[in-house]
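attaching a predicted model along with its sequence, questions to come.
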Amino acid sequence: MSKQRVIVVGGGLAGLAASMKVAELGMSVLLISFLPVKRSHSVCAQGGINGAVNIKGEGDSPDIHFYDTVKGGDFLANQPLCKDMCHHAPYIINLMDRLGVNFNRTPEGNLDFRRFGGTLYHRTAFAGATTGQQLLYALDEQVRHYEVQGLIEKMEWHEYLGAVLNNEGRCVGAVIHNLRTGEIITVKGDAVILATGGPGLVYGRSTNSMVCSGTAVTSAYLQGAKYGNGEFIQIHPSAIPGRDKLRLMSESARGEGGRIWVPRKAGDSRQPKDIPEKERFYFLEDRYPLYGNLVPRDVGAREIYDICVNEGLGVKGEMKVYLDLTHHTSEFLDRRLGGILETYEKFTGVDPRVEPMEIFPAVHYSMGGIWTDYTPTLDGLIDYQSPNNQMTNIKGLYAAGEADYQYHGGNRLGANSLLSCIYTGLMMSPGVINYVKNLPEAAEDLPQKVFEDAGKQWQERFSNIKKMNGRENPYSLHQELAEQMITNVLIVRQNSKLEATLDKINEFESRWKNITCLDTNDWSNPVPSFINQLWNMIHLSKVITKGALMRDEFRGSHYKPEFDLKQPDDFQPDTYVEFEKQKANGGLNESAFDKQHLAYMKRYAENNKKWLKTTIAEYKNGNSGLEGGPEISFEDVDTSLISPRPRKYN
Amino acid sequence: MSDTVTFKIKRQNNAESSPYWENFVIPYIPNSNVISCLMDIRTKPENSKGETVAPVVWDSNCLEEVCGSCTMVINGKVHQACSALIDKLEKPITLEPMSKFPVIRDLIVDRSRMFDALKKVQAWVTADGYHDLGPGDRESQSVQEVAYKLSECMTCGCCVEACPQYTKENNFLGAAAISQARLFNMHHTGKNITDTRLDTLMQEGGISDCGNAQNCVEVCPKSIPLTESIAEIGRQVSGKILRNIFKA
């Protein structure tokens, strides 16, 4: 058999972790990236990476981290994976430390940890406020070392267009687009890992980088891969408004004591410093005394929406609130948050050490992604040798990092994304290699025709795109799509608006055909590539919107007010555990519960029966060629380790 | 305040063709940066003569000044386009690709030479494997603070663009790579291959190519103390030369 290799698409944390692990295990890797891997979107992650190392002696443990993660995700994540991830988190932090990440230190020289949203423990290791950048660089360096040793080959400035499938539907390579020469070629690989990140660009401006169009995962979906939980889009409570993008203001600002407030008087025009303490409304601290400013992101974003839209208390009448760090010394702030404060100052011209920052919620992360598989062990962890781990329903096509759907349920906790990216990349690699080694034939030995046909199909598509000579500017059409998504598929969702949005997206799909290809050069021309990406974004927005329309409940980041189960203020989640226990034992003593609580618990149980399920979107061809849309079905979630219960943070 | 902004952009169709200047006039919008203006040009790609032209192409990704992609020469100074705010720039605004790297097209250049330099100085920690080998070494806060600053280098190219010694004709490694060598030479296990790094830095293109112009540190967007790094590596190289003499 010819030499085998693994293709990794994407050079962020997940892609680099997978590349270096596969290489460490002795198999060759072809690493494909849209841009030099060191410039991947992972650099934008700021606050830190979670792992229950318990340096502060608070009694933290991987099991508590696991519980916080599952609860934070409103029980929608498959639990064995979350458990395994949280149990490996301390080791991953140690590994990154060994690889040279300059984490902040305690006076004794240990790794320092800070608090983040959705937990009461100091569990987040951090390197200033550029943790993602530091982690990415460490992996980039390891990959470069393997590159020198010849085990990893990099093809940067190449965009993934689609998978090459053999006659059994097995993935045996990829079609890629050289962004310099415009050539479209196929590369052979015995397994392909998509580690291509999230789809923030579907919403136009978000905290995501310019490459985060979700086009690779959408391409997989259009080729038959199932897409899970598309409607679960994380809105980060704190971003800095901008014309080109919405820059993130890390949750770590609140982890280090930053306080969110608005003036008590609507439309107060005074400067924030001139507003006395008693005329400030610290609404998160007021409404969530236990977690305060560190409620999970879905809760934070909804409360900011509520205070600005429903209460009309947004700063200067706009959708903005203050994030205040001015009670700390500049020295403290520079040491622990330096990078992000500089960013704020650079882009707004205001010094956040002196003036409270003005922030607002922005699209940040997709909990949903390509559906992937896993094999649990008997003790509820993951069998690392299984070729199924992270495999999509297309054999040989894998997904990792933000591109997959399985770790964060309905809402991701801050500082869990860096963890899940590195974890998936490392965890899946032995299984991928087992898969490759057990194949009947190497991709290299397959008939050339399989690859030629796939390449030809994409060459034709791009040559057709270059001939497009209609009236629509693709960039303007993208802005219109984004506006629809921002207006109707964001924090608060209503079925009537979601239905109208789906119609609108279909309209965009027909208008796409009337696009003009602004530039028809072959050389270093981003326009045809963007037109193709826009097609994919249109299809992904259908997945997100239709998933949102179908899911008639309120879970995690997916909020439909009309389906809010209205948890009584004095309800305690433990009561529900007791309620379920009694039910399981066959003797529910209804009189033992408060009447309102009982009614709420019944509503909750009923709702879970119907909706505690993964949304699966599958692409179905329409009647005329490529036109079509998602067909939605639902799949059970593995909740075998922690029984679902209502979330509560106050 | 004028209600339009004029951009003078140095364009080039490909590596072989000659550069030319093209002007674009776009509506002034408050709080714009260079990137958002390039995006505006893209949605209506019309030059100042009213001709429809191919949209200007540029390199960008994070737009938060942490990825290094969008580095270009703005009004004669090398800078990231994302953090170049229109209100703070002299008008008309000139945009040029960096001059020390081969131009790919318009404002896009090929910075592979910088990544190759990182290979040459072996800017990595040699690891036994990625399995669980326990925690790393303890480190003082003061050392961490120095190392952290160095590790913020995003290989953007500002330092070498401003450096008179770094030319298309020579093979100088440049300040960024020298500073990375310092970073790894100070790491507990990274320093195990200090000697190999210094060997590279003693050769042509290494530390002796630095002309001490100190431009690098002036333009570094992350305020990395590049001249200190160069001085430190200079000391390490001198020490090694002395040791070599005594060994011989």
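Structure received.

which element is the residue of chain B found nearest chain A on?
Going by C-beta to the nearest C-beta, chain A is nearest to B:Arg138 of chain B, at 3.3 Å. C-beta: built from backbone N, CA, C; applies to glycine. In this structure, B:Arg138 sits in neither a helix nor a strand according to DSSP states H and E.

over to B:Val73?
Going by DSSP H and E, B:Val73 is in strand B:71-74.

how much space separates A:Asp268 from chain B?
22 Å (C-beta to the nearest C-beta, to the nearest Å).

residues touching the residue most central in space within chain B, list them.
In chain B, the residue lying closest to the centroid (C-alpha atoms, centre = their mean) is B:Gly157, at 1.8 Å. Counting by C-beta atoms under 8 Å, 6 or more residues apart in numbering or on different chains, B:Gly157 touches B:68, B:71, B:78, B:98, B:100-101, B:109, B:111, B:114, B:176.

do A:Tyr282 as well
Counting by C-beta under 8 Å, 6+ apart, the residues that A:Tyr282 touches are A:259-261.

against B:Thr71, how distant is the residue nearest to the centre of chain B?
5 Å (C-beta to C-beta, to the nearest Å).

pull up the overlap in contacts between these two.
Shared contacts of B:Gly157 and B:Thr71, counting by C-beta under 8 Å, 6+ apart, come down to B:78, B:98.

make TSV from the contacts of B:Gly157 and add neighbour count, distance to chain A and pLDDT to it.
As requested, those are exported to TSV (neighbours: other C-beta atoms under 10 Å in any protein chain shown; distance: C-beta to the nearest C-beta, whole Å; pLDDT from 0 to 100):
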residue	neighbour count	distance to chain A	pLDDT
B:Gly68	26	6	98
B:Thr71	28	11	98
B:Val78	22	16	98
B:Met98	22	15	98
B:Lys100	20	16	98
B:Phe101	20	13	98
B:Val109	21	11	98
B:Arg111	23	7	98
B:Met114	24	9	98
B:Ala176	28	12	98
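
show me those residues that map onto strands.
B:71, B:78, B:109 (DSSP state E).

between the contacts of A:Tyr282, which sits nearest A:Ile185?
Nearest to A:Ile185 among the contacts of A:Tyr282 is A:Ile260, at 50.4 Å by C-beta to C-beta.

any idea whether that closest one is helix, strand or coil?
Of the three states, A:Ile260 takes strand under DSSP: H, G, I helix; E, B strand; the rest coil.

for burial, what's the neighbour tally of it?
26 (other C-beta atoms under 10 Å in any protein chain shown).

let me see the contact set for it.
A:237, A:254, A:282-284, A:293, A:300, A:304, A:321-324 are the contacts of A:Ile260 under C-beta under 8 Å, 6+ apart.

now those in JSON lines, with secondary structure and pLDDT?
Converted to JSON lines, the contacts of A:Ile260 look like this (DSSP: H, G, I helix; E, B strand; the rest coil; pLDDT from 0 to 100):
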{"residue": "A:Pro237", "secondary structure": "strand", "pLDDT": "96"}
{"residue": "A:Arg254", "secondary structure": "helix", "pLDDT": "95"}
{"residue": "A:Tyr282", "secondary structure": "coil", "pLDDT": "98"}
{"residue": "A:Phe283", "secondary structure": "helix", "pLDDT": "98"}
{"residue": "A:Leu284", "secondary structure": "helix", "pLDDT": "97"}
{"residue": "A:Asn293", "secondary structure": "helix", "pLDDT": "97"}
{"residue": "A:Gly300", "secondary structure": "helix", "pLDDT": "97"}
{"residue": "A:Ile304", "secondary structure": "helix", "pLDDT": "97"}
{"residue": "A:Val321", "secondary structure": "strand", "pLDDT": "97"}
{"residue": "A:Tyr322", "secondary structure": "strand", "pLDDT": "98"}
{"residue": "A:Leu323", "secondary structure": "strand", "pLDDT": "98"}
{"residue": "A:Asp324", "secondary structure": "strand", "pLDDT": "98"}
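
filter those residues down to the buried ones.
When those are checked for burial by 16 or more other C-beta atoms under 10 Å in any protein chain shown, the buried set is A:237, A:254, A:282-284, A:293, A:300, A:304, A:321-324.

tell me the phi and psi of the nearest residue to the residue of chain B closest to chain A once chain neighbours are set aside?
Nearest in space to B:Arg138, with sequence neighbours left out and distances taken as C-beta to C-beta, 6 or more residues apart in numbering or on different chains, is A:Gly109 at 3.3 Å. For A:Gly109, the backbone dihedrals are phi 100, psi 0 (criterion: degrees, to the nearest 10).

report pLDDT for A:Gly109.
In this model, A:Gly109 is scored at 97, pLDDT.

likewise for the one 10 residues further on?
Per-residue pLDDT puts A:Thr119 at 94.

for it, which three-state class applies?
coil.

what number of residues lie near it?
A:Thr119: 27 neighbours (other C-beta under 10 Å).

so it makes contact with A:Leu413?
Yes. Under the criterion of C-beta atoms under 8 Å, A:Thr119 makes contact with A:Leu413 at 7.0 Å.

quick check: neighbours shared by those two?
Contacts common to A:Thr119 and A:Leu413, judged by C-beta under 8 Å, 6+ apart, are A:50, A:68.

can you give me the strands for chain B?
Counting by DSSP E, the strands of chain B are B:4-11, B:20-27, B:71-74, B:77-80, B:93-96, B:103-105, B:108-109.

what's the closest of these to A:Gly198?
strand B:77-80 (22.8 Å).

ok, the closest one: who's next to it in the sheet?
strand B:71-74 (antiparallel) (DSSP bridges).

quick one: contacts of the least confident helix or strand in chain B by mean pLDDT?
Lowest on mean pLDDT, DSSP states H and E among the helices and strands of chain B sits helix B:226-247, with a mean of 95. Here helix B:226-247 makes contact (C-beta under 8 Å, 6+ apart) with B:150, B:159, B:175-176, B:178-179, B:181-183, B:185, B:194-195, B:198, B:201-202, B:206-207, B:210, B:212, B:214, B:216-217, B:220.

among the residues you listed, which are in helices?
Among the contacts of helix B:226-247, the members found in helices (DSSP state H) are B:150, B:159, B:175-176, B:178-179, B:181-183, B:185, B:194-195, B:198, B:201-202, B:216-217.

from A:Glu331, how far out is the residue nearest to B:Arg138?
20 Å.

the two: which is more packed in?
More crowded of A:Gly109 and A:Glu331, by other C-beta under 10 Å: A:Gly109, with 14 against 9.

kindly report the domain assignment for chain B.
In the domain annotation for chain B, the residue ranges read B:4-109, B:112-126+B:138-247 (automatic domain parsing).

make a markdown table out of those domains and add distance to A:Ile359.
Output for the domains of chain B, formatted as a markdown table (distance: least, C-beta to C-beta, whole Å):
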| stretch | distance to A:Ile359 |
| --- | --- |
| domain B:4-109 | 15 |
| domain B:112-126+B:138-247 | 23 |
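
who wins for proximity to A:Tyr344 among these?
domain B:4-109 (10.3 Å).

so how far is that closest one from its chain's centroid?
17 Å (C-alpha atoms, centre = their mean, to the nearest Å).

can you get me the start-to-end distance on that domain?
28 Å (C-alpha to C-alpha, to the nearest Å).

okay, now residue 92: neighbour count?
In the absence of a named chain, this looks at chain A. A:Ile92 - counted by other C-beta under 10 Å - has 24 other residues nearby.

nope, chain B
14.

just A:Ala77 next, same as before
29.

now do it against A:Gly431, distance only.
A:Ala77 is 20 Å from A:Gly431, by C-beta to C-beta.

can you tell me the closest non-neighbouring residue to A:Phe332?
A:Glu256 (8.0 Å).

and the strands in the stretch 351-500 of chain A?
Along the stretch 351-500 of chain A, counting by DSSP state E, counting those that start in this stretch, strands occupy A:357-366, A:369-370, A:397-399.

any idea which of the ones you listed is most buried?
strand A:397-399 (a mean of 31; mean count of other C-beta atoms under 10 Å in any protein chain shown).
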